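In: okay, here's the prediction I keep looking at, along with the sequence it came from:
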Number of protein chains: 2
Amino acid sequence: MVPGDLGTADPGVIMATIQDVAKAAGVSAMTVSNVINGHPNVRETTRAKVLDAMARLGYRVNVSARNLRKGRTGTIGLAVPEVNRPYYGRLAAAIVNAAAPLGLHVSIEQTRARRENELEALSLSRNRMYDGLILSTVGMGPADADWLKVDHPVVILGERIFGGPVDHVAMPNVEASRAATRHLVERGCRRVAFLRGSVGEDVDVSSLRRTGYRQALKSAGLPLDPGLEQCLTSFTMAEGARCARRMVESGLDFDGVFCVTDTVAMGVLRGLADTGVRVPEQVKVIGFDNIEESEFLVPALSTVDPDHDTMAERAVTLLARRIEQPDLPREPEEFVGRFSVVVRESTGGHRRP
Amino acid sequence: MVPGDLGTADPGVIMATIQDVAKAAGVSAMTVSNVINGHPNVRETTRAKVLDAMARLGYRVNVSARNLRKGRTGTIGLAVPEVNRPYYGRLAAAIVNAAAPLGLHVSIEQTRARRENELEALSLSRNRMYDGLILSTVGMGPADADWLKVDHPVVILGERIFGGPVDHVAMPNVEASRAATRHLVERGCRRVAFLRGSVGEDVDVSSLRRTGYRQALKSAGLPLDPGLEQCLTSFTMAEGARCARRMVESGLDFDGVFCVTDTVAMGVLRGLADTGVRVPEQVKVIGFDNIEESEFLVPALSTVDPDHDTMAERAVTLLARRIEQPDLPREPEEFVGRFSVVVRESTGGHRRP
DNA sequence: GAGGTTGTTTGTATCGATAAAAATCACCTC
DNA sequence: GAGGTGATTTTTATCGATACAAACAACCTC
């Protein structure tokens, strides 16, 4: 039977409660509850009576009441900048999928990468609106670590590393960026540009990935030219395209580009096409994230695959553990994912590896 | 002040209730409730006492309790096949944004386009887990219309048109597809292929868009060649690419392609590139959805823009009205969005209109 | 048949917040 | 100071489900 059978209840009629069912079945409310929750020790004939009454009345549990009594909502929050950004969309999908088998629903908060919205999400979690929160900290900084000293399950997801007492799932930003840059160098690039956002003093994506970029250049014996580091105002295709055109038109000498995200790299490919620069012959391009589109671009985009699914699965698992065992003050766990460099046409590889 | 101030409460301590605050402030629970909800007629000095006590105890409302009492959860469900598909991701983001100013949270259900998951989402809504549901019916068919006879606010979003008693937000699929196809014809195409999914007897995306496609060919006086209609097993880039390669390699004669979605069109562009077919010189391509990536592809993809934001905003508005006025059995409303054809390089236009 | 064991069912008391009605207070008028 | 008026506060009674403990029933052993 399909879950949620309508029964024969009239629409528009007041919802039946567990008490109504109990009366109709000639048993107590507790027995109905026991049937609903599949407790053992309910006689088969009783169960049948109750199920029958439930169907007749079109009974549906009231989740709010159950939540109040149980102190759980069965819902976790996911706070990300925006779900339609390729990277976060992919992550959100993976998280919803990982949460479903545990019986957890996922409520989305869009923070637009703004600090105050991230704090707001934390606050909702503390209101017991959610059993726990997976928070992508983009706007918050280490200075906000105190906000994380909450007694609610929280898993931080993303680039920044907080000292706070919360679990954390991160990408190997430095190593992966080093590998991406090294790949360009191995393919013959000598003047590798790096497109990133503004770097704060703290550990944000741009800083971490820049560290990897610089390490790779250094260990390849290549000079660090500040002119090769370009700063974007946002991680969008439009910005990537604009930046690439500017680089070419200003006569900057470069033969490789490492982009902070695939989205930016898509824009760069477009910007290079606009200015007649051929990829990969004249300039090689590599991105970061391995969004689905990358494989199908012309030329197909080389990139770093951060293993979204494992990260998502891990974040949900950590959160679920905290939810189930709220007391045990386990050491905050940190999971750093694996990564792989995916070589495609934009760095001289074939479309399919 | 940032919402959700932690106060000085010790983490790990049992949450304070409204009663605790009342006791600490020397007032009744109701007064605390009135302060929380910003009711008028609370004396300023009292309010201050209460706020102080709340801060001292680190009080946070218990949303479950409030929901039970109010009969509302402040959350709506959004059931879509998957949030990381470009079209649905965009829609989800727009819906979350439209819901936020109304104080509504959005919980995501991923149905994977399967009928039973769509029914499951309806069921959760009926459990009062959500105040209402925005449901993208992809797997359900008109035969399931009975399931929609619920006494809960539901808005159907998407391609299929149900006769059920629910509000509905749809795209002008036929008209838009006609316009897209006509555009190809106007650009000189005489052999226009159409890439779609399998068509059932009922009103799904593929059927509706095929109708528009055929109408356009007919009114242009062009023959309908069944060989030009290609059937995909899924709306993915991989399928689009595979199909395009197959078409070229099998020697099919075509000079234009109308794709059922932009995602498919991206794959087609890739497949044509693989086989050395030049776009737009030899073959022109147009998609449907105007996903963000389209503008930055090489060549930039012409497409149909269905005005996601208006649709999303409209769906939320309709749902919110039903939530606020559950009794009024208004006539089910139907909103069909507007659309525009965006001409870019893949049909011989410039990147920016 | 007393006493024990296991299996089944039922009262009772919450979970934490709020609606509605009742009570109290502050202040004013005559 | 009685009486009125409006502002403020409290009391009482739920919202619907479930934990817990107690009650009851059925069956067995000696």
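Out: Alright, I've got the coordinates.
In: is any residue of the lowest-mean-pLDDT helix or strand in chain A near chain B?
Out: Lowest on mean pLDDT, DSSP states H and E among the helices and strands of chain A sits helix A:115-126, with a mean of 84. Yes. Interface with chain B: helix A:115-126 contributes A:116, A:119, A:120, A:122, A:123, A:124, A:126 (Cβ under 8 Å from any Cβ of the partner chain). C-betas here are computed from N, CA, C, even on glycine.
In: buried ones among those residues?
Out: In terms of neighbour count (16 or more other Cβ atoms under 10 Å in any protein chain shown), the buried residues within these are A:119, A:120, A:122, A:123, A:124, A:126.
In: any chance of those in CSV, plus distance to DNA strand D?
Out: Shown next, in CSV, are these (distance: Cβ to the nearest atom of the strand, whole Å):
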residue, distance to DNA strand D
A:119, 30
A:120, 26
A:122, 26
A:123, 23
A:124, 21
A:126, 21
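In: per-domain residue ranges of chain A.
Out: Per automatic domain parsing, the structural domains of chain A span A:18-61, A:74-172+A:308-339, A:173-305.
In: ok, the residue most central in space within chain A - contacts?
Out: Centroid-nearest residue in chain A, with Cα atoms, centre = their mean: residue A:91, separated by 3.6 Å. If a contact means Cβ atoms under 8 Å, 6 or more residues apart in numbering or on different chains, then residue A:91 has A:80, A:136, A:157, A:308, A:311, A:312 as its contacts.
In: does it count as helix, strand or coil?
Out: helix (DSSP: H, G, I helix; E, B strand; the rest coil).
In: adding distance to residue B:59, write the domains of chain A out as JSON lines.
Out: Below are the domains of chain A laid out as JSON lines (distance: least, Cβ to Cβ, whole Å):
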{"stretch": "domain A:18-61", "distance to residue B:59": "29"}
{"stretch": "domain A:74-172+A:308-339", "distance to residue B:59": "10"}
{"stretch": "domain A:173-305", "distance to residue B:59": "32"}
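In: mean pLDDT for those domains: which is lowest?
Out: Lowest mean pLDDT within the domains of chain A: domain A:74-172+A:308-339, a mean of 88.
In: return the set of buried residues in stretch A:46-62.
Out: By 16+ other Cβ under 10 Å, the buried positions in stretch A:46-62 come out as A:46-47, A:49-51, A:53-55, A:57-62.
In: among those residues, which pair sits farthest apart?
Out: The largest separation in the buried residues of stretch A:46-62, counting by Cβ to Cβ, is between A:46 and A:62 at 22.3 Å.
In: one step back: show me which of the buried residues of stretch A:46-62 is closest to DNA strand C.
Out: Among the buried residues of stretch A:46-62, residue A:46 lies closest to DNA strand C (Cβ to the nearest atom of the strand), at 3.4 Å.
In: and the host helix or strand of that closest one, what does it pack against?
Out: Assigned by DSSP states H and E, residue A:46 falls within helix A:44-57. In this structure, helix A:44-57 packs against helix A:18-25, helix A:29-36, with contacts taken as 3 or more Cβ pairs under 8 Å, 6 or more residues apart in numbering or on different chains; DSSP states H and E.
In: next, see if the last one gets close to chain B.
Out: No. Applying Cβ under 8 Å from any Cβ, one finds helix A:29-36 out of contact with chain B, separated by at least 11.4 Å.
In: may I have that helix as CSV, with CA atoms only?
Out: Output in CSV follows, covering the C-alpha atoms of helix A:29-36 (Å, rounded to 0.1, in the frame of the first residue of the first chain):
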residue,chain,number,x,y,z
ALA,A,29,-5.1,5.9,23.2
MET,A,30,-1.9,4.2,24.3
THR,A,31,-2.8,1.1,22.4
VAL,A,32,-3.3,3.1,19.3
SER,A,33,0.0,4.7,19.9
ASN,A,34,1.6,1.3,20.3
VAL,A,35,0.1,0.1,17.1
ILE,A,36,1.3,3.2,15.2
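In: tell me the angle it makes with helix A:18-25.
Out: With axes from the mean of the first three to the mean of the last three Cα atoms, to 10 degrees as the basis, helix A:29-36 and helix A:18-25 are set at 90 degrees to each other.
In: buried residues, helix A:29-36. List them.
Out: Neighbour-count burial for helix A:29-36 flags A:31, A:32, A:33, A:34, A:35, A:36 (criterion: 16+ other Cβ under 10 Å).
In: got it, and stretch A:155-174?
Out: For stretch A:155-174, a neighbour-count test (16+ other Cβ under 10 Å) marks A:155-162, A:164-174 as buried.
In: can you flag which of those residues belong to strands?
Out: Judged by DSSP state E, the buried residues of stretch A:155-174 include A:155, A:156, A:157, A:167, A:168, A:169, A:170 as members of strands.
In: and which of those is nearest to residue B:283?
Out: Nearest to residue B:283 among these, counting by Cβ to Cβ, is residue A:157 at 42.7 Å.
In: possible to save the ones in strands among the buried residues of stretch A:155-174 as JSON lines with distance to DNA strand C?
Out: Formatted as JSON lines, those follow (distance: Cβ to the nearest atom of the strand, whole Å):
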{"residue": "A:155", "distance to DNA strand C": "24"}
{"residue": "A:156", "distance to DNA strand C": "27"}
{"residue": "A:157", "distance to DNA strand C": "29"}
{"residue": "A:167", "distance to DNA strand C": "25"}
{"residue": "A:168", "distance to DNA strand C": "29"}
{"residue": "A:169", "distance to DNA strand C": "30"}
{"residue": "A:170", "distance to DNA strand C": "34"}
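In: I'd guessed residue A:157 sits against residue A:135; true?
Out: Yes. Look at residue A:157 against residue A:135 with Cβ atoms under 8 Å: they come within range, at 6.5 Å.
In: got a list of what the closest residue to DNA strand D within the stretch 201-350 of chain A touches?
Out: Closest to DNA strand D within the stretch 201-350 of chain A is residue A:324: 14.2 Å, counting by Cβ to the nearest atom of the strand. Going by Cβ under 8 Å, 6+ apart, residue A:324 touches no other residue.
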